[in-house]
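Visitor: sequence below, structure please.
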Amino acid sequence: MLLSPDSDEEERSALTEAKEFLLDELSGGGRKQSELLKEAKSLGISERTLKRAKSEIGIKAAKEGFGEQGYWIWPLPDTAKDAKHTDSRDLAPLNDKRVENPNPLEDGKEVFDQSIVKT
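Guide: I've put the predicted structure just below:
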C-alpha cells in the first residue's frame, strides 16, 4: 500500500518533532530511556518515531548499573550537542584527516621525473 503525500509529510513532520525533542532534552547530558519515552508519549510522539529519531541523530544507548538496578541512558553524540536545528545527515562525525597537497600538480605545472624522458 502506498502512502499518500499527506501521510508521508506527516511522518516526516513527526520525525522532525521527535528529533527536536531529543536534541532539546539531551542538550544538558544523557537521560534515562524510560523517562524520555514517557515524556515523548505525553507529547504525542510514538516510541517507534522516537527510536527512528534516535537512530538518525546517532544516539547510542549506554547501559548504566547492573541487574534490576540497571537502566539505559541516551546521550547525544559529541557532534550533535550544538546542532539543534541541523539536518540529521550533518550529524555524522567529521573525518579530521587533512592532506596538505592532495594534487600531484603544483601551481598547474606538471611534475615528472626527468630520468624517464627520452630524447
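Visitor: tell me the contacts of Tyr71?
Guide: Lys32, Gln33, Ser34, Lys63, Glu64, Gly65 (C-beta atoms under 8 Å, 6 or more residues apart in numbering). Where C-beta positions appear, they are placed from N, C-alpha and C, glycine not excepted.
Visitor: dump those to CSV, plus distance to Lys41, pLDDT and neighbour count.
Guide: Formatted as CSV, the contacts of Tyr71 follow (distance: C-beta to C-beta, whole Å; pLDDT from 0 to 100; neighbours: other C-beta atoms under 10 Å):
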residue, distance to Lys41, pLDDT, neighbour count
Lys32, 14, 96, 13
Gln33, 12, 97, 18
Ser34, 11, 96, 10
Lys63, 22, 94, 9
Glu64, 22, 94, 12
Gly65, 24, 92, 10
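Visitor: return the subset of those residues lying in strands.
Guide: Lys32, Lys63, Glu64 (DSSP state E).
Visitor: now, which of these sits nearest Ile57?
Guide: Taking C-beta to C-beta as the measure, Ile57 sits nearest to Lys32 out of these, at 17.0 Å.
Visitor: which residues touch that closest one?
Guide: Per C-beta under 8 Å, 6+ apart, neighbours of Lys32: Tyr71, Trp72, Ile73, Trp74.
Visitor: looking at the residues you listed, which has the most residues close by?
Guide: Top of these by neighbour number is Trp74, holding 22 neighbours under the definition other C-beta atoms under 10 Å.
Visitor: identify the bridge partners of it.
Guide: Note on Trp74: beta-bridge partners by DSSP bridges are Arg31.
Visitor: ok, it to Glu9 distance?
Guide: 27 Å (C-beta to C-beta, to the nearest Å).
Visitor: which strands and helices sit next to the host helix or strand of Asp24?
Guide: For Asp24, the enclosing helix or strand under DSSP states H and E is helix 5-25. Under the contact criterion of 3 or more C-beta pairs under 8 Å, 6 or more residues apart in numbering; DSSP states H and E, helix 5-25 touches helix 33-42, helix 47-57.
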